[in-house]
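1. With the sequence up front, the predicted model follows.
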Amino acid sequence: MASPLASPTSEPTSPRIRSPLVEDSNKPRMNRLLSMKYNQRSQLTFDSQGLYGPKAKLWESLPPPERKELVNVMIEDPGCGHHLWWVASPDAVLIMKKFKDPEVTKKFKELCSWIIEGDRMNTIVVEPSILEDPLVTEDDDFKNVRAKFKTWNDNAMSTVLRKVDLIICLGGDGTLLYTSSLFTKAIPPIMSISMGSLGFLTPFSYDSYPADIKRILNGGVSLTLRHRLDCKVMTKDKIDQYHGETCPMEAEEFLAPTVTSKFSALSLNPTNITIDKETESAHYLVMNEVVVDRGPSPYITNLEVFCNGRLITTVQADGIIVATPTGSTAYALAAGASVVHPSTPSMVICPICPHSLSFRPVVVPSGVEISIRVSSQARNSAWASFDGRNRTEIKHGESVVITTATSPVPSINNTGHVTDWFDSLAGCLHWNVREVQKGM
């Protein structure tokens, strides 16, 4: 039996990695940085040590028993061929469910009973709201299973979630998005069971969950790493304190200020630039998209978009979307952006109702930094939202800085990262679904 939640099994010091039940001497240990090279000019590095919770590890290419020396190829695909293996038997599972849905709550209780009564895992972690649901707390037949529940308060949330080995989501895409927002760093593998209205990101069916969970606990299942966006809202709260301070920057540098310096120019003269210090007022991780729009104002936005510090365009539109590949099938799809496979290391920049016939969506490498700043000449401020939440006003001269986060969401595939995606395109979005042309 695996260790309890309070003291999860640490990674063995043996030079071999362990499977769920037995140790195979042919399995080399993943004790290095997993470097995902996107192109020659940008690279993100992810630490494979504990990246997916305390017991889940990622293997590139084939599962360890079939792993062989790989032939060098011209193009490295960082998102394909990832598989999940356990260094110890999973012990704690976080089960998230759709909010205020009696039918989902009923199936949630069935799933919990199956896990605990079958001695498959020792601990079930749930949200605090679950323990306030009368359908859960007032069911006497469920009290033995309920006794195995653990939850958190505001002070101990991160401590409890760090000990979760596996996540099971019962609901739709919104449930998965909310679950990912609970984790700011390492995220355990997520199994998403479709019980929502669309289910583009939920490849598993509730009817087959016993066989599917057993397969996942045995290891070797396919993973898709869904990258998130790291978003910072930069405001100017110290204008008076820094007013009059100068910085010897050339005029050309002012035209492409770098956000990473945390300084932005307010005025320009032939030799010096008067600057104000920017401060980070909010920080979010999003799985779908960041939207900056005109909000309640009747005027179009006037937004300056920078890529790696260089001004690339000015947006005069209802707004702009910066989406992950996962989010390319959400709001960005409705706005006319391209559909991008979630394993593609990229970001999608898409205008919302632009006042220009030539302003088309573009796809940029995931290693770049995107900054969206409200122009000082704008008629109104802008409003930003992050995965549809945390609506924030962005005033003149303030900006939203967007990069790719270093903690992706390891989504467990039902059949494979390609098959699941095309099945979702056809089944949920009816991609290229039409009657076949009759023969002559």
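-> Here it is on my side, so go on. Residues are numbered from 1 along each chain as shown.

2. and this structure, what are its domains?
-> Domain segmentation of the chain under automatic domain parsing yields 1-226+409-440, 229-404.

3. among those, which gets the worst mean confidence?
-> Ranked by mean pLDDT, those end with domain 1-226+409-440 in last place, scoring a mean of 76.

4. Dump stretch 411-428 to CSV, restricted to CA.
-> Listed next in CSV are the C-alpha coordinates belonging to stretch 411-428 (Å, rounded to 0.1, in the frame of the first residue of the first chain):
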residue,chain,number,x,y,z
SER,A,411,-3.9,16.1,-20.1
ILE,A,412,-4.4,12.4,-20.3
ASN,A,413,-5.5,11.1,-23.7
ASN,A,414,-8.0,8.4,-24.2
THR,A,415,-6.6,7.0,-27.4
GLY,A,416,-3.8,9.4,-28.5
HIS,A,417,-3.0,13.1,-28.8
VAL,A,418,-3.8,13.2,-32.5
THR,A,419,-6.8,10.9,-32.6
ASP,A,420,-8.5,12.5,-29.6
TRP,A,421,-8.0,16.0,-31.1
PHE,A,422,-9.5,15.1,-34.5
ASP,A,423,-12.3,13.2,-32.9
SER,A,424,-13.2,16.4,-30.9
LEU,A,425,-13.0,18.5,-34.0
ALA,A,426,-15.4,16.3,-35.8
GLY,A,427,-17.7,15.3,-32.9
CYS,A,428,-17.9,18.7,-31.1
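
5. Quick check: which of the domains of the chain is buried the most?
-> Burial of the domains of the chain is given as mean neighbour count (mean count of other CB atoms under 10 Å); domain 229-404 ranks first at a mean of 18. For the C-beta atoms, the positions are set from N, CA and C on the backbone; glycine is no exception.

6. Now do the end-to-end distance for it.
-> End-to-end distance for domain 229-404: 5 Å, by CA to CA, to the nearest Å.

7. let's number from 3 now, not from 1
-> OK, 3 is where the count begins now, so the last one is domain 231-406.

8. Do you have the helices of the stretch 3-152 of the chain handy? List them.
-> For the stretch 3-152 of the chain, the helices defined by DSSP state H, counting those that start in this stretch cover 104-119, 136-139, 145-148.

9. And the longest one, what does it pack against?
-> What that stands for is helix 104-119. Using 3 or more CB pairs under 8 Å, 6 or more residues apart in numbering; DSSP states H and E as the contact test, the elements touching helix 104-119 are strand 94-99, strand 125-127, helix 136-139, helix 145-148, strand 168-173, helix 211-220.

10. for the ones you listed, which one sits closest to residue 365?
-> Comparing the helices and strands packed on helix 104-119 against residue 365 with CB to CB, the closest turns out to be strand 168-173 (28.0 Å).

11. Just after that closest one, pick out the following helix or strand.
-> Reading on from strand 168-173 to the C-terminus, the next helix or strand found by DSSP states H and E is helix 175-183.

12. Residue 226 should be in a helix, yeah?
-> No - when the secondary structure is assigned by DSSP: H, G, I helix; E, B strand; the rest coil, residue 226 falls in strand instead of a helix.

13. Confirm for me that it is in contact with residue 84.
-> Yes - checked against CB atoms under 8 Å, the pair residue 226 and residue 84 is within contact range at 7.3 Å.

14. intersection of neighbour lists for those two?
-> Taking CB atoms under 8 Å, 6 or more residues apart in numbering as the contact rule, residue 226 and residue 84 both touch 412, 419.

15. that older thread, could you dump the helices of the stretch 3-152 of the chain into CSV and include distance to residue 345?
-> Written out in CSV, the entries for the helices of the stretch 3-152 of the chain read as follows (distance: least, CB to CB, whole Å):
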stretch, distance to residue 345
helix 104-119, 29
helix 136-139, 37
helix 145-148, 37
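
16. For residue 89, find the nearest of those helices.
-> Across the helices of the stretch 3-152 of the chain, the minimum distance to residue 89, taken as CB to CB, is reached by helix 104-119, at 20.6 Å.

17. Distance from the chain centre to that closest one, please.
-> Counting by CA atoms, centre = their mean, to the nearest Å, helix 104-119 is centred 26 Å from the centre of its parent chain.

18. Likewise for stretch 397-404?
-> Distance of stretch 397-404 from the chain centroid (CA atoms, centre = their mean) equals 22 Å.

19. Can you get me the start-to-end distance on that stretch?
-> Taking CA to CA, the first and last residues of stretch 397-404 lie 17 Å apart.

20. which residues touch that stretch?
-> Contacts to stretch 397-404, defined as CB under 8 Å, 6+ apart, come from residues 231-238, 261, 266, 268, 280, 292, 294, 324, 349, 371-378, 380, 383, 386, 396.

21. same thing but 6 Å
-> Defining contact as CB atoms under 6 Å, 6 or more residues apart in numbering, one finds that stretch 397-404 is touched by 231, 233-238, 261, 292, 324, 372-376, 378, 383, 386.

22. do the same with stretch 108-121
-> Applying CB under 6 Å, 6+ apart, the external contacts of stretch 108-121 come out as 99, 123, 126, 144, 147, 150, 172, 208.

23. could you redo the last one with a cut-off of 8 Å?
-> By CB under 8 Å, 6+ apart, the list of residues contacting stretch 108-121 from outside reads 95, 97, 99, 122-123, 126, 137-138, 141, 144, 146-147, 150, 170, 172, 197, 208, 211-212, 215.
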